[in-house]
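Visitor: From the sequence below, what's the structure:
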Amino acid sequence: MNQLLEWLPLLFFFVVFKVRGIYWATAALMLACVGLAIAHRMRTGRYKAMHVVTAAVALALGALTLLLHDQRFIQWKPTLLFGAAALVFLASSFVGPQPLARRMLEGAFGGESLAVEPRVWAIINALWTLWFATLAGLNVYVARHFSAAFWVNFHVFGVSIATLVFMLPQVFWLASRTKPVADGA
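Guide: Next comes the predicted model:
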């Protein structure tokens, strides 16, 4: 259920784009991002930082897109978010007790202990940094050299599928390294 909610703004943007075009889709994305942040707050009692940042970027760039009637602003949203993610992953290598990739991926295993050396976590974190930096650059390239329709399809399907392909080998590899949780009894 949570994963479906996370994808709703992107899916809403895609459907509205197909029916009404980039400017209506931009307005829909703005509303959906704010709606997601509020829905998460109502369900959990707190805002999720990623939702707040995404909503703020969508609102700022969406407003510029609509006011100036220039789709390039909303096309910069993924670049800014991917670039910010790359910087956060990079910074986590130097700040905090563990790199962000470790915190994120261990969290996916429900707190199970993973037999992975710190050096390997650093490599995985570097891969995530490179991944998000690459996506930021690809988004700029596609937005500049292709139609809005191609960019939307690239963003909705290409990035989503590519991220799944990037992440699945890591998840399977990490799953092979889980240690059973010691029974305290």
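
Visitor: Now do the buried residues in stretch 142-157.
Guide: Using 16 or more other C-beta atoms under 10 Å as the burial criterion, the residues of stretch 142-157 that qualify are 142-143, 148, 151-156. C-betas here are computed from N, CA, C, even on glycine.

Visitor: what does stretch 19-28 give?
Guide: For stretch 19-28, by 16+ other C-beta under 10 Å, it's 22-23, 25-28.

Visitor: Now that stretch - C-alpha only, PDB.
Guide: The C-alpha coordinates for stretch 19-28 follow below in PDB (Å, rounded to 0.1, in the frame of the first residue of the first chain):
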ATOM      1  CA  VAL A  19      -5.300  13.300 -21.600                       C
ATOM      2  CA  ARG A  20      -4.700  17.000 -21.200                       C
ATOM      3  CA  GLY A  21      -1.000  17.800 -21.900                       C
ATOM      4  CA  ILE A  22       2.000  19.000 -19.900                       C
ATOM      5  CA  TYR A  23       0.500  22.100 -18.200                       C
ATOM      6  CA  TRP A  24      -2.500  20.200 -16.800                       C
ATOM      7  CA  ALA A  25      -0.200  17.400 -15.800                       C
ATOM      8  CA  THR A  26       2.100  19.900 -14.000                       C
ATOM      9  CA  ALA A  27      -0.800  21.200 -12.000                       C
ATOM     10  CA  ALA A  28      -1.900  17.600 -11.200                       C
END
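
Visitor: Touching that stretch from outside, list them.
Guide: 12-14, 16-17, 62, 65-66, 69, 71, 74, 148, 152 (C-beta atoms under 8 Å, 6 or more residues apart in numbering).

Visitor: Distance from it to the middle of the chain?
Guide: Its chain's C-alpha centre and that of stretch 19-28 lie 21 Å apart, by C-alpha atoms, centre = their mean, to the nearest Å.

Visitor: tell me the mean pLDDT for that stretch?
Guide: The average pLDDT within stretch 19-28 is 97.

Visitor: cool, stretch 54-63 as well?
Guide: In this model, stretch 54-63 has an average pLDDT of 96.

Visitor: Quickly name whichever of the buried residues of stretch 142-157 is closest to residue 49.
Guide: The shortest approach to residue 49 among the buried residues of stretch 142-157 belongs to residue 155, at 21.9 Å (C-beta to C-beta).
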